[in-house]
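Engineer: just the structure for this:
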Amino acid sequence: MPADETASPGTPAHAAYDTVIVGGGHNGLVAAAYLARAGRSVLVLERLGITGGAAVSTRPFDGIDARLSRYSYLVSLLPRKIVRELGLDFAVRKRTVSSYTPTVRGGRPTGLLVGGDGTRDSFAALTGDDREYDAWQRFYGMTARVAERVFPTLTEPLPARGDLRARMDDADAWRMLFEEPVGVAVERTFADDLVRGVVLTDALIGTFADAHDPSLVQNRCFLYHVIGNSTGDWDVPVGGMGALTDALAAAARSAGADIRVLHEATRIETDGTRAEVTVRSPDGEHVVGAAQVLVNASPQALSALLGEEPPAPAEGAQLKVNMLLTRLPKLRDRTVDPHRAFAGTFHIAEGYDQLATAYREAAAGHLPAAPPSEIYCHSLTDPSILGPDLAARGYQTLTLFGLHTPARLFTADNGTTRARLLEATLAELDAHLDEPIADCLAPDAEGRPCIEAKTPLDLERDLRLPGGHIFHRDLSFPYATGETGRWGVETAHANVLLCGAGAVRGGGVSGVPGHNAAMAALGR
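Structural biologist: Numbers count the residues shown, from 1 in each chain. Predicted coordinates for the structure are as follows:
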């Protein structure tokens, strides 16, 4: 049953629960399912009319039967352990191609296609020999070994830094990923600008940073993008991201959790042993008691609920665009079929120097002249998100994710800046197409082109992501520090836990913070 049909507004059935979970995003639902299965009475409060948060599927275009993953769109960090333990009716599919990156060499359109039997030949055609391909194999062999050792720790109590280093058992990998800016490793390992850029993009998704940022925020982003399920693969959720939300809501509800939409928590009061949560609903305002409260929201929202000083503000830096096409566009590089090029991640203006230039321009307060972005086509791998008529007619979806566009660039005039950025971003895509992308856009029921764009300010408004930051705040390394608790979800209050993306080892569609908060709540 769809997530928006699993609950209805109304006063909770009783006034006290073992656990109240604030926020019905995917992490909150994971925690609810685990706790309810352990015999706890659980109430989930969701302010919107549906559960899922950013992990939802919607039909964004009027009169069009296409259910798109509107915000988050690929799955890598969701442990199979969670899917198995909660008995989720949810599956993912592998993409046939990892990535395609178009460029021009010697005045000729060409590109780098990664994935499948032709990868070595594609490297050789681009660079003239096998050196970059061999370097690629060595580098990602290293990240694969790191993934095998690090990923299983995400659903265990936080390891100490030294223990994680010993578990990795690779001093060179530890230095490259945990101690020096990832740009050093990229430049030392690869010589080709385009190859360097493809590697670096994993360090910049949702993260506004230079390759050599001394804070290593880019390293943390890179790490989480290459360790998923011990392989680093980014898979397509069958049925769209909403299929995961639906499965989680069903699992939580079948275990006995009480899920209430249109119920917004406005305040939490706690003495460390018992808590009271003030709730605003269509029936008015009321108070619910609980032994524990789990907050599936940002650290800023947690502070506001507790009436405490908020942490430093976060800032998102991405453009999210959804499109529906009547057909895939033809490419200027005639050596690759568009159905192959768009099956993986299609990189645009993401050469190494291009990424550095875009960062400098945005840091100086300007939209990048050549906005970097990447696209993928969900419907090539999973056509089930399209209605039967659209699928039969060859329609396709495109999801575009733009980099290096921090929220500060949109504060003066979000609408106008959004339009300018979208135009410039599509122009960079068109530079590699044999026909404008606009000619391929499907019309909605009113004849308008099926395309929507979301800036960080739009995401802040729609989803209450602080500053539009898709990870709620900068990612952290997955080890314990003096500021973390045993599971990385603890707060200053013994019976209040953070189970959203802002927890240690949060970010992305993973369910990891939800799992870890549930384990902490159960005292495991």
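
Engineer: isn't Met176 right next to Val184, touching?
Structural biologist: Yes: the pair Met176 and Val184 qualifies as a contact (Cβ atoms under 8 Å) at a distance of 7.4 Å. In short, each C-beta sits where N, CA and C put it, glycine included.

Engineer: how much space between Leu88 and Leu78?
Structural biologist: 9 Å (Cβ to Cβ, to the nearest Å).

Engineer: residues shared between the contacts of those two?
Structural biologist: Common contact partners of Leu88 and Leu78 (Cβ atoms under 8 Å, 6 or more residues apart in numbering): Leu244.

Engineer: of these two, give the one with the bigger neighbour count.
Structural biologist: Leu78 (24 against 20; other Cβ atoms under 10 Å).

Engineer: strands along the stretch 101-250 of the chain, start to end?
Structural biologist: 108-114, 236-237 (DSSP state E, counting those that start in this stretch).

Engineer: what's the shortest one packed up against?
Structural biologist: Right, strand 236-237. Counting contacts by 3 or more Cβ pairs under 8 Å, 6 or more residues apart in numbering; DSSP states H and E, strand 236-237 packs against strand 92-93.

Engineer: quick one: mean pLDDT for the strand it packs on?
Structural biologist: Per-region confidence: strand 92-93 scores 97 on mean pLDDT.

Engineer: please enumerate residues in contact with that strand?
Structural biologist: 75, 235-238, 381-382.

Engineer: and that strand, how far from the chain's centre?
Structural biologist: Put simply, strand 92-93 sits 16 Å off its chain's centre (Cα atoms, centre = their mean, to the nearest Å).

Engineer: mind listing what it pairs with, with the direction of each?
Structural biologist: strand 236-237 (antiparallel) (DSSP bridges).

Engineer: so what touches stretch 67-74?
Structural biologist: By Cβ under 8 Å, 6+ apart, stretch 67-74 touches 54-60, 234-237, 239-242, 320, 322, 324, 376, 378, 385, 397, 399, 454, 459, 463, 470, 508-509.

Engineer: for PyMOL, what selects the buried ones among those residues?
Structural biologist: The PyMOL command for the buried members of the contacts of stretch 67-74 (criterion: 16 or more other Cβ atoms under 10 Å) is given here:
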select buried, resi 54+55+56+57+58+60+234+235+236+237+239+240+241+242+320+322+324+376+378+385+397+399+454+459+463+470+508+509
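
Engineer: which of the contacts of stretch 67-74 fall within helices?
Structural biologist: Counting by DSSP state H, the part of the contacts of stretch 67-74 found in helices is 241-242, 378, 459, 463.

Engineer: what's the burial count for Val504?
Structural biologist: By other Cβ under 10 Å, 25 other residues sit near Val504.

Engineer: that one and Ser298, how far apart?
Structural biologist: Computed with Cβ to Cβ, the distance linking Val504 and Ser298 is 14 Å.

Engineer: how about low-confidence regions in the protein?
Structural biologist: Residues of the chain that meet the criterion pLDDT under 70 lie in 1-14.

Engineer: who are the packing partners of the lengthiest helix in it?
Structural biologist: Longest helix of the chain, by residue count under DSSP H: helix 131-150. In terms of contacts (3+ Cβ pairs under 8 Å, 6+ apart), helix 131-150 is packed against helix 119-127, helix 161-168, helix 171-174, helix 182-189, helix 193-200, helix 217-226.

Engineer: adding distance to Val261, write those out as TSV.
Structural biologist: Formatted as TSV, the helices and strands packed on helix 131-150 follow (distance: least, Cβ to Cβ, whole Å):
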stretch	distance to Val261
helix 119-127	46
helix 161-168	39
helix 171-174	45
helix 182-189	41
helix 193-200	40
helix 217-226	30
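
Engineer: relative to Ile348, which of the ones you listed is closest?
Structural biologist: Nearest to Ile348, of all these, is helix 193-200, at 10.6 Å by Cβ to Cβ.

Engineer: distance from that closest one to the middle of the chain?
Structural biologist: Worked out by Cα atoms, centre = their mean, helix 193-200 lies 21 Å from the chain centre.

Engineer: what's in contact with it?
Structural biologist: Identification of contacts with helix 193-200 by Cβ under 8 Å, 6+ apart yields 99, 101, 103, 112, 114, 123, 126-127, 132, 136, 139, 182-183, 186-187, 189-190, 211, 347, 350-355.

Engineer: before we move on, what about stretch 266-274?
Structural biologist: Here stretch 266-274 has contacts from 22, 275-280, 285, 289-291, 293, 295, 305-307, 493-496, using Cβ under 8 Å, 6+ apart.

Engineer: same question for stretch 118-132.
Structural biologist: With Cβ under 8 Å, 6+ apart as the criterion, stretch 118-132 contacts 103, 105, 110-114, 133, 136, 190-192, 194-195.

Engineer: what comes up buried for it?
Structural biologist: Going by 16+ other Cβ under 10 Å, stretch 118-132 has these buried residues: 119, 122-123, 126-127, 132.

Engineer: quick one on the thing from earlier: Val217: which of the contacts of strand 92-93 is nearest?
Structural biologist: Of all the contacts of strand 92-93, Val75 has the smallest distance to Val217: 23.0 Å, by Cβ to Cβ.

Engineer: that closest one: neighbour count?
Structural biologist: Count around Val75 with other Cβ under 10 Å applied: 25.

Engineer: what does Pro443 give?
Structural biologist: 14.

Engineer: just give the closest residue to it, not the sequence neighbours.
Structural biologist: Excluding its sequence neighbours, the residue lying closest to Pro443 (Cβ to Cβ, 6 or more residues apart in numbering) is Pro449, at 6.4 Å.

Engineer: follow-up on the earlier one: dump the strands of the stretch 101-250 of the chain to CSV, plus distance to Pro406.
Structural biologist: Converted to CSV, these look like this (distance: least, Cβ to Cβ, whole Å):
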stretch, distance to Pro406
strand 108-114, 28
strand 236-237, 28
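
Engineer: ranking those by burial, who's on top?
Structural biologist: strand 236-237 (a mean of 26; mean count of other Cβ atoms under 10 Å).

Engineer: over to the residue lying closest to Val22 once chain neighbours are set aside: give its phi and psi.
Structural biologist: Spatial nearest neighbour of Val22, excluding adjacent residues (Cβ to Cβ, 6+ apart): Ala265 at 4.3 Å. For Ala265, the backbone dihedrals (degrees, to the nearest 10) come out as phi -70, psi 130.
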